[in-house]
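In: I'd like to go over a predicted model; first the sequence, then the structure.
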Amino acid sequence: MSLMSRGERMLMYSLNKQQQVHNRLKRQTLLRTSSWLTGHSREQGGPSHSTPKKAANMHINSFLNVSAVSSIPDLASEALNQKQTTIAVDNQPSAVVSSSSNNDAAQVNDTPSHTVQNEVNSELTFITHADGESGCDAVVSARPSAADEGEDTEVSTGTVRLPQATDGVIRNEQRKRQRLSTAQRAEVAIAKTRHRMQKYTVKTGCNSACKRKCSTVIAEDQRKKINAEFWNMSHLQRRTFILHNTKRQLTTRHTSGTDSRRKYTYHYFLNGTNGAEAVCKTFFMTTLGFKKGSDKALQNALKSCSLDSITPTADRRGKAPSKSAIDKGLIRAHVESFHPAVSHYRREHAPERRYLPSDVTIKTMHDDFIRKNKIKCSYDVYRTVVKEMKISFTKLGNEECEKCTEFQLHNPLHTQELLDENRESCDQCSNWNEHIKRAKQARDEYRKDTEVTDAKSVFSADLEKVIMLPRMEMFKSVLFTRRIIAFNESFVPTGKTQKLKPFAVIWHEATAGRKREDIVSTFYAFFLQHRDTDHIVIWLDNCAAQNKNWCLFTFLVWLVNSDIVNVRIIEFKYLEAGHTFMSADSFHSQVERSMKQCDKVYDFGDFEACVNNANSGKADVKSMLYSDFYDWRDESSTYKLTRMTPRPYVADMVWLKAERGQNSIEYKTSFDQQTVFKCNFLNARAAKQGVSKAVARSSARGIPQEKKDDILLKLTRLMPSNRMAFWKDLPVSAVSDLVTDGHE
């Protein structure tokens, strides 16, 4: 028994509990074959019986002895695994099975085959279908053996469907939970809404004998409008509607004495063309889609509140506190022990969201929580708490668009087909329609740039998501230790026609942070790498902190007019937020794959080697020193910007260009826009004297002392001795921890 799974034990229990029912059903089945069994037995020289019924009963009894095999644990397990068990009764010794109520396992006794042979000279086949949700169906058939079956033999075969076991009796605990996509959830919601609206359509109202003549004061079209609006409301809104359109007061006149059971007098109102009109109860309920005489919804809404209440009581179903509730504070504390980090990539759009590195999985976290706390906590509960904490896991190239998700969930009846037909929709639908148009325009422009010739060089640039060092996911102590963050700003050529290699600029948090001047320094390193290129186009995402700010635009104006590079034109193009997959994301996936192949990434040197090995080793890597970072400044003039018409907003820009010989930039707010706006944004000093080159930094950023001590104490013992130098030489300073600080 201990070797059986829970589903197998419950199956055996169900079969034993229903044995009498099964035997009766099997007896009825085999009675259909009694004529053949009796005749066949006589042809073989078997004992004759006075009546066919007696012969059939003997055959059935011997069959039931064999059928008890379904309660044997080993054979029940085999039936579950193989889905079919065949027991052939022939001239060889066979097993007659008997079960005992005192023992879990059935006993098998060897019995000479003639005991069964004289009764049934046939092959009995049992086919058992096991279903982990609804129970089991057993199909029992009796047929003659192959040796005795001839062309002229007529066989009567009976089939019995055993009763379904109760719900939940047989359950596969390893069954994966069905997960629906956002689109599938929207389709389910639409189907439910349509089904509800079809069920609760306007019913026939009161007849002509009604004293209030309701059908004359409320037109049929108005009834349909009220019904449609009523069922588009939420459950609480529908109850509020009933409360506000029903006047309830204590009865003032009794016709059956003082002991009348009637406590309240009701008046019902619906909005007509002239305002609220009094109607009868039948007309009121049928307009809302309920049947005549059915006022359960009405009574439930009214009895939940007092006479002076203006809002009904919220539905409390499913709100009772669970007796086995888990303290979510324990789960939150455990999640925090993995040190989720603020992501540079989403800092502007989702400042409260934090990320865990790719070497941490929620399954690993849940298993560790169970092991440490020794309490029962389902995977779904743990995952829900992680979601409530707004913590995500880095999945490269797998970003979902928030606006598209909000559109799919805001109203199930508002679909894309509705917008394509130019029918009326809400503001959110209109905003999403504009959003998806911008996304398609940007994607079409991106595809065009992937087919460019040598006239210009086209790249996409992006900062890789959270990378934590050291990376040794096989050691759990690594996951619970505060590690340093490594950065990878990649400039990757688009398309396959360009004979260019990706250029990766890497550094770690002890060298510099991820402020806008730090990202601008990586752009400077990239342009130095391609200083002889005449025309460069860079595709970027909409992260304002790194890619759309006046500090970066000031740098472009300085660079394109300097003698350091020969570039003549620099173009920046931006993909629509939520639809930003580009060649840089593909390169980041290759870096991630290279790190997994490396197995253990002990220090920054190992990380640099992994980046070098990405893209089949065809990549240029620049490991930044602190002297490669500059304190670039924002030289824009707020005074000028506020007085420009139209006023330039970086959030609206999708294309901009800086050209040699000009101290301004040109920009568009749409890719199909014909007019190009010119923006002279530099302040008076920069416009007159020119933008000056930034000053290089003289020292590294460093990390907190306690963070370094934590790494040296817990992790260096798991590393080879030749990796110790990097960690011991890390500079320290009184700076914030980038893992938790989203402003640096």
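Out: Received it, and whenever you're ready, just let me know what you need.
In: Low-confidence bits of this protein, can you list those?
Out: For the chain, applying pLDDT under 70 flags the ranges 1-22, 24-178, 254-260, 342-352, 359, 394-400, 416-425, 453-454, 497, 739-744.
In: Which segments of it make up each domain?
Out: 6-144, 182-303, 346-430, 431-728 (automatic domain parsing).
In: any chance of those in CSV, plus mean neighbour count and distance to Asp315?
Out: Bear in mind the C-beta positions are built from the backbone N, C-alpha and C, glycine included. Converted to CSV, the domains of the chain look like this (neighbours: other C-beta atoms under 10 Å; distance: least, C-beta to C-beta, whole Å):
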stretch, mean neighbour count, distance to Asp315
domain 6-144, 16, 29
domain 182-303, 14, 6
domain 346-430, 15, 20
domain 431-728, 18, 30
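In: Quick one: closest of these to Ser337.
Out: domain 431-728 (5.3 Å; C-beta to C-beta).
In: There's contact between Lys372 and Ala333 in this structure, I believe.
Out: No - between Lys372 and Ala333 there is no contact under C-beta atoms under 8 Å: 10.6 Å.
In: ok so, going back, quick check: which of the domains of the chain is nearest to Pro312?
Out: That would be domain 182-303 among the domains of the chain, by C-beta to C-beta, at 4.1 Å.
In: Could I get the phi/psi values of Thr204?
Out: phi -60, psi 130 (degrees, to the nearest 10).
In: what kind of secondary structure is the nearest residue to it once chain neighbours are set aside in?
Out: Among residues not flanking Thr204 along the chain, Thr286 sits closest, at 6.4 Å (C-beta to C-beta, 6 or more residues apart in numbering). Here Thr286 is recorded as helix under DSSP: H, G, I helix; E, B strand; the rest coil.
In: Now for the residue nearest to Gln705 when sequence neighbours are not counted: which residues touch it?
Out: Spatial nearest neighbour of Gln705, excluding adjacent residues (C-beta to C-beta, 6+ apart): Val732 at 4.7 Å. Val732 is in contact with 702-705, 708, counting by C-beta atoms under 8 Å, 6 or more residues apart in numbering.
In: would you list every one of the strands in the stretch 451-600 of the chain?
Out: 457-463, 467-469, 484-493, 503-508, 535-540, 569-574 (DSSP state E, counting those that start in this stretch).
In: any chance of the ones you listed in TSV, plus distance to Ser234?
Out: Shown next, in TSV, are the strands of the stretch 451-600 of the chain (distance: least, C-beta to C-beta, whole Å):
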stretch	distance to Ser234
strand 457-463	41
strand 467-469	43
strand 484-493	44
strand 503-508	50
strand 535-540	41
strand 569-574	38
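In: wait, which of those strands is closest to Leu180?
Out: Leu180 lies closest, by C-beta to C-beta, to one member of the strands of the stretch 451-600 of the chain: strand 457-463, at 30.1 Å.
In: Tell me the helices and strands packed up against that closest one.
Out: If contacts are counted by 3 or more C-beta pairs under 8 Å, 6 or more residues apart in numbering; DSSP states H and E, strand 457-463 sits against strand 484-493, helix 516-529, strand 535-540, helix 583-598.
In: Next, the distance between the ends of stretch 266-281.
Out: Its start and end residues considered, stretch 266-281 measures 9 Å (C-alpha to C-alpha, to the nearest Å).
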